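Participant: Would you be able to build a 3D model of this:
(chains A and B)
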Amino acid sequence: MRCERCGRDTPTRPGEACLWCGHVAGASPWQTPNVPGGPGVPPSGAYGEGPGIPWENEQNAKNLLETMKLVALSPGATFAGASRAIGMVPSMVFALIVGLAGGVVGLMWQLVLGMNNSEALKNLPPELQGFGEALAQYSQPGVGSIVMLPVGILIGLFIMTVLVHVGLLIFGGANGRFEDSFRAVAFASGATALLQVVPYIGGVIAFFWALVIQVAALRELHGTTTNKALLAVLLPILLAVGCACCGIVAAAGAIGGLVGAGG
Amino acid sequence: MRAPALEALGGATSLVLLGAIALAPTSALPHFPCPLRALTSIPCVTCGGTRAILALRDGDLVGALVMNPLVVLAIFAALAFATYAAAVLVLGVPPWRPELRRGAGLWALRVGVPVALAANWIYLVAAGR
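Facilitator: Here you go, the predicted model:
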């Protein structure tokens, strides 16, 4: 029979776990496969023996969409079943593909709606006028933005992973490898990138939802607690809390200006 | 094949950042006023970074350190990592995986990172960057 989840031929019968990805026909795609001990009962040391993440099992369009859905809507269960012996490359390619698609759409919104017009940013408090004008100048979309997008995505993923992994190490939550932290960051980034199709607020929602996914993914991939994963994810933000606060003020001012300009 | 992926991505990232620092036109470097400083008069942890880069480009290491020591340290760390990554990827040197989850490595991280960040920030505030 052909597995409904990974699409591969498997010699198993209906009700049995797929030989390739462990999915049981008729079950939810992230259900723990049947194992000795009874249905749904994970074996001892079951970490990494689940169905795996579809995109890491096989890279095709169907698994890309499936992975986006699973990671975005059910990150804890998805990463609980992820294989441990996977490197960085599949998640990097995933983040690159979806990030590029989301980034290009985001740039198009900027061009179409003029989201970065300096008029809106001029509604910032007087102290932040210079910052707002510089922000408008830097965020002007163009050919260079699209060319630099993949480079920016990869650099961003690596730097974010370094910060998160150092945070995990400091808080004693790094039970896995650097590669596992990278997978958490990359899948979270990729699964939320298409939210940029929503103008104005899509990027903001994607940022915060990616943080939620990162926490769940780090907790499962590193076998640590939610609190430690949360601290590791928030550490880079806490370090730059002053700048982050100002960024929020700037963003709020910009959004307010845009709404005002639109009305 | 799996292990060098870290070196490949990290090395490429370091090279791109170092290349931008070394070759980007001065006008392309970040030169906007820091929002934290604009609102509170307190510099952020990266204040003085652009001036440190400009000083380094002029070969003025001391001047760069005076502007922001941590940014200079990060630039040299990126340079060191790029060299290491090239050794792994080109010369086939075995990847280095230090034990940072326990022992001296862990304590170096737990003490070193917060102390370095705090000391740098205190210096920037005191020096009025």
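Participant: Quick one: mean pLDDT over stretch B:17-35.
Facilitator: On average, the pLDDT along stretch B:17-35 is 83.
Participant: Oh, that last question was meant for stretch B:39-47, not what I typed.
Facilitator: For stretch B:39-47, the mean per-residue pLDDT is 85.
Participant: do the same with stretch A:156-170
Facilitator: 92.
Participant: Same question for that stretch: list its buried residues.
Facilitator: Within stretch A:156-170, the residues that count as buried by 16 or more other CB atoms under 10 Å in any protein chain shown are A:157-158, A:160-170. Where you see a C-beta, it was placed from the backbone N, CA and C, and this is true even at glycine.
Participant: Which members of these occur in helices, if any?
Facilitator: A:157-158, A:160-170 (DSSP state H).
Participant: still on that earlier bit, include distance to residue B:62 when you put the buried residues of stretch A:156-170 into CSV, please.
Facilitator: Converted to CSV, these look like this (distance: CB to CB, whole Å):
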residue, distance to residue B:62
A:157, 35
A:158, 30
A:160, 32
A:161, 33
A:162, 28
A:163, 29
A:164, 34
A:165, 33
A:166, 28
A:167, 32
A:168, 36
A:169, 32
A:170, 31
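Participant: OK, contacts around residue A:172?
Facilitator: Taking CB atoms under 8 Å, 6 or more residues apart in numbering or on different chains, we find residue A:172 in contact with A:228, B:106.
Participant: Please report how far it lies from residue A:80.
Facilitator: Separation of residue A:172 from residue A:80 (CB to CB, to the nearest Å) stands at 21 Å.
Participant: What of residue A:188?
Facilitator: For residue A:188, the distance to residue A:80 (CB to CB) stands at 15 Å.
Participant: Tell me which of the two has more neighbours.
Facilitator: residue A:188 (30 against 21; other CB atoms under 10 Å in any protein chain shown).
Participant: Now the more buried one: closest residue in space that isn't a chain neighbour?
Facilitator: Distances taken as CB to CB, 6 or more residues apart in numbering or on different chains place residue A:213 nearest to residue A:188, at 3.8 Å, with adjacent residues excluded.
Participant: so which strand or helix has that neighbour?
Facilitator: helix A:202-222 (DSSP states H and E).
Participant: Show me which positions of stretch B:88-101 end up buried.
Facilitator: Using 16+ other CB under 10 Å as the test for burial, stretch B:88-101 gives B:88, B:100.
Participant: for it, what is the average pLDDT?
Facilitator: Averaged across stretch B:88-101, the pLDDT comes to 88.
Participant: residues in contact with that stretch?
Facilitator: Contacts of stretch B:88-101 with the rest of the structure, by CB under 8 Å, 6+ apart, involve A:169, A:174-175, B:3-4, B:6-8, B:11, B:84, B:87, B:105-106, B:108-109.
Participant: now the residues you listed: which count as buried?
Facilitator: Using 16+ other CB under 10 Å, the buried ones in those are A:169, A:174, B:6-8, B:11, B:84, B:87, B:106, B:109.
Participant: Grab the two from these that are most spread out in space.
Facilitator: B:8 and B:106 (26.6 Å; CB to CB).
Participant: Show me the helices in chain B, by range?
Facilitator: Assigned by DSSP H, the helices in chain B fall at B:3-23, B:35-40, B:49-57, B:61-67, B:69-91, B:103-127.
Participant: cool, the stretch 51-200 of chain A as well?
Facilitator: With helices called from DSSP state H, counting those that start in this stretch, the stretch 51-200 of chain A shows them at A:54-57, A:61-73, A:75-80, A:89-113, A:118-121, A:129-138, A:143-170, A:178-193.
Participant: Tell me if the fourth one is near chain B.
Facilitator: So the one you mean is helix A:89-113. Yes. Looking at helix A:89-113 against chain B by CB under 8 Å from any CB of the partner chain, the contacts come from A:89, A:92.
Participant: for chain A, what are the nearby residues on chain B?
Facilitator: Counting by CB under 8 Å from any CB, chain B comes close to chain A at B:1-2, B:5-6, B:9-10, B:12-13, B:16-17, B:30-36, B:38-40, B:42, B:44-46, B:100-101, B:106, B:109-110, B:113-114, B:117.
Participant: The residue nearest to the spatial centre of chain B and residue B:113: what is the separation?
Facilitator: Taking CA atoms, centre = their mean, the centroid of chain B lies closest to residue B:74, which sits 1.6 Å from it. Distance, residue B:74 to residue B:113, using CB to CB: 12 Å.
Participant: Also residue A:213?
Facilitator: Using CB to CB, we find residue A:213 at a distance of 25 Å from residue B:113.
Participant: go on, residue A:92?
Facilitator: 26 Å.
Participant: Comparing the helices of the stretch 51-200 of chain A, which stretch has the densest surroundings?
Facilitator: Burial of the helices of the stretch 51-200 of chain A is given as mean neighbour count (mean count of other CB atoms under 10 Å in any protein chain shown); helix A:178-193 ranks first at a mean of 28.
Participant: quick one on the thing from earlier: list only buried entries from the residues of chain B next to chain A.
Facilitator: Using 16+ other CB under 10 Å, the buried members of the residues of chain B next to chain A are B:5-6, B:9-10, B:12-13, B:16-17, B:33-36, B:38-39, B:44-46, B:100, B:106, B:109, B:113.
Participant: Next up, the contacts around residue 65.
Facilitator: Assuming you mean chain A. Neighbours of residue A:65 in contact, by CB under 8 Å, 6+ apart: none.
Participant: Chain B, not that one
Facilitator: Contact analysis of residue B:65 by CB under 8 Å, 6+ apart lists B:52, B:72.
Participant: Apply 10 Å and report the result again.
Facilitator: Shown in contact with residue B:65 (CB atoms under 10 Å, 6 or more residues apart in numbering or on different chains): B:52, B:55-56, B:71-73.
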